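Novice: dropping a prediction and its sequence here:
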Amino acid sequence: MDTVLPLLQTASRPAIIARVRTPPTRSRRPEPAVQRPRGRPPVPLDRIVATALQIIDDEGAEALSMRSLAQRLGSGTATLYRHFPNRVAVIAHVIDRVFGEVHLSAEELVAMELGDACRALAHNMFDALNRHRNVAPLLVEQVPVGPNAMALRERGIALLLDNGFPPRLAARSYATLARFVLGFAIQLVGRTDSPDDSQLATVFRSVDPSLLPATAAVAEELPVPLQDEFAFGLELILDGLTNYAAQPSNAVRRVTK
């Protein structure tokens, strides 16, 4: 007994120490997973389009790229590609945003005479493009089919149909009116002169009447301010459409040829 007890005590000491120092495996808590930094937060669609329009207004359409837009937003291009497949899609939204600034409801147009309604429509379109002069040339590249542009086209064509225009004539009349507005709006790009350009007026008034008698005869009226040209040309178009629609048999026959 005296020899066995010390042996048991000696043999059990390491086991006891091991049990105290080594906690059970099942009691260990799992180490927290390493959290990776998240990507950039999403940017609202409306803010992206507004910023793209601002770039075009400030620097021109050629300055707009996915990279320059992302930089202006303080974001990454991946954020933009969540909304748009490419730059062309961004431009389409920018164009439609500008058409959204034409605030003329169908009710307002219906309450006007045909000529007044067409005049208001054309002037409001021109004013919107005048506020964003670098946008007009983009309309040459693509026909606007966004929701705002479609709604505006719908109101214009409905106005003509409601005033007795046959469908074919109504479609062509609205297209002519819209192209007229666009043509003048494109001339606004880079234009910073005053309506009465004094330098150009001097050129016209100094022509030799023996060489250019017609120009000399109207020199006091030249150059015609762009806004006056627009208003005058619009009146000619509206008078022509009114007279054309007043003769439905002739109008239909000529348009369908």
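Specialist: Structure's in. What do you need? All figures in this text were calculated on a predicted structure; none of them were measured in a lab.

Novice: what's around Leu152, how many residues?
Specialist: 23 (other CB atoms under 10 Å). Backbone N, C-alpha and C define where each C-beta goes, glycine included.

Novice: equivalent analysis for Leu53, please.
Specialist: Leu53 has 21 neighbours, counted by other CB under 10 Å.

Novice: centroid residue for the protein?
Specialist: Residue closest to the average C-alpha location in the chain (CA atoms, centre = their mean): Val94, at 1.5 Å.

Novice: contacting residues for it?
Specialist: Contact analysis of Val94 by CB atoms under 8 Å, 6 or more residues apart in numbering lists 49, 52-53, 56, 135, 138.

Novice: which one of these has the most neighbours?
Specialist: For the contacts of Val94, neighbours tallied by other CB under 10 Å; top is Ala52, 25 neighbours.

Novice: in this structure it contacts Ala63, no?
Specialist: No. Counting by CB atoms under 8 Å, Ala52 stays clear of Ala63, with 10.3 Å between them.

Novice: host element of the residue nearest to the centre of the chain?
Specialist: helix 87-99 (DSSP states H and E).

Novice: after that helix, which helix or strand is next? Please name it.
Specialist: That would be, after helix 87-99 and using DSSP H and E, helix 106-110.

Novice: give the buried residues for the following helix or strand past that following helix.
Specialist: Next helix or strand after helix 106-110 toward the C-terminus (DSSP H and E): helix 114-131. By neighbour count on 16 or more other CB atoms under 10 Å, the buried set for helix 114-131 is 114, 117-119, 121-126, 128-130.

Novice: now do the buried residues in the helix or strand that Arg172 is a member of.
Specialist: Per DSSP H and E: Arg172 is located in helix 167-186. Residues 169-174, 177-178, 180-182, 184-185 are the ones in helix 167-186 that count as buried (16+ other CB under 10 Å).

Novice: do stretch 202-218 as well
Specialist: Neighbour counts over stretch 202-218 (16+ other CB under 10 Å) mark 204, 216 as buried.

Novice: do stretch 64-75 as well
Specialist: Within stretch 64-75, the residues that qualify as buried by neighbour count (16+ other CB under 10 Å) are 64, 66, 69-70, 72-73, 75.

Novice: from the residues you listed, which land in helices?
Specialist: Applying DSSP state H to the buried residues of stretch 64-75, the entries found in helices are 66, 69-70, 72-73.

Novice: I'd like those laid out as JSON lines, including distance to Val224 and pLDDT.
Specialist: JSON lines is the format used below for these (distance: CB to CB, whole Å; pLDDT from 0 to 100):
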{"residue": "Met66", "distance to Val224": "42", "pLDDT": "96"}
{"residue": "Leu69", "distance to Val224": "39", "pLDDT": "97"}
{"residue": "Ala70", "distance to Val224": "44", "pLDDT": "96"}
{"residue": "Arg72", "distance to Val224": "39", "pLDDT": "96"}
{"residue": "Leu73", "distance to Val224": "43", "pLDDT": "95"}
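
Novice: good, wrapping up.
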